[in-house]
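no sequence on this one, just coordinates:
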C-alpha cells in the first residue's frame with residue numbers, strides 16, 4: 001500500500017510539473033485584444049480585430065476562423081486604390097516566426113457574416129482559429145463601440161456588396 005501511495009505521489013508530482021510545460025510548448029501562438037465592432041441591429045456583416053503573436057521559430061499560417069452565431073467568417077485585407085477602399089479576401093494569413101500580425105481597422109481584419117442575432121456592446125463572441133498545422137485556438141472577442149467612424153470612406157466589398 002505504501003508503495004502504491006508513493007507511486008501515486010510521484011505520478012501526481014510529474015503531472016503537475018510537466019503538464020504546464022507541455023501546455024506552454026503546445027502552442028507558440030498568443031491571441032490578444034480580440035474585439036468586434038458594434039454594428040446596427042440590421043447589419044449582415046460585423047468586423048473583428050485582434051493581435052496574433054507567433055513566439056515560435058516556424059512561420060504559422062491561419063487557414064480559417066469560425067464564430068458562434070455567424071454563418072461564416074472571412075479574412076480580408078483593406079487596400080486603398082485612389083479614393084476607393086477595397087476589401088480583398090485572403091485565403092490564408094501568414095504569421096511569421098517571432099512576429100505579431102495585427103488585424104485592425106484599415107488593415108487585415110475578419111468579416112463575420114450573417115449573424116444569427118444582433119450583438120451589442122459588452123456581448124462576447126466565441127472565435128475558433130484553425131492553423132495549417134491543424135492547431136485550433138479558441139478566443140473570446142468582446143463587442144464594443146467603434147472609436148472611429150466610417151464616415152467619408154467609400155468601401156467596395158466585392159461580392160459582399162449590399163451587406
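Nice, I can see it. Keep in mind it's a predicted model, so treat the numbers as computed, not measured. Residues are numbered from 1 along each chain as shown.

and the strands in this protein?
Using DSSP state E, the strands of the chain run over 29-37, 45-54, 60-67, 70-81, 84-90, 93-95, 100-103, 108-115, 124-131, 136-144, 155-156.

for residue 3, find the nearest of these.
Comparing these by their distance to residue 3 (CB to CB), the top pick is strand 136-144, with 40.7 Å. The C-beta positions use only the backbone N, C-alpha and C, and glycine is treated the same way.

what about that closest one, average pLDDT?
What strand 136-144 shows for mean pLDDT is 98.

between strand 60-67 and it, find me the angle.
60 degrees (axes from the mean of the first three to the mean of the last three CA atoms, to 10 degrees).

for strand 136-144, which strands pair with it and how are they oriented?
strand 29-37 (parallel), strand 124-131 (antiparallel) (DSSP bridges).

quick one: those as CSV, columns for mean neighbour count and distance to residue 50 too.
As requested, these are arranged in CSV below (neighbours: other CB atoms under 10 Å; distance: least, CB to CB, whole Å):
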stretch, mean neighbour count, distance to residue 50
strand 29-37, 17, 4
strand 124-131, 18, 8
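
quick one: closest of the ones you listed to residue 43.
strand 29-37 (9.5 Å).

of the strands paired with strand 136-144, which is nearest residue 64?
Among the strands paired with strand 136-144, the nearest to residue 64 by CB to CB is strand 124-131 (4.7 Å).

give me the distance from that closest one to the chain's centre.
Here strand 124-131 is found 6 Å from its chain centre; the criterion is CA atoms, centre = their mean, to the nearest Å.
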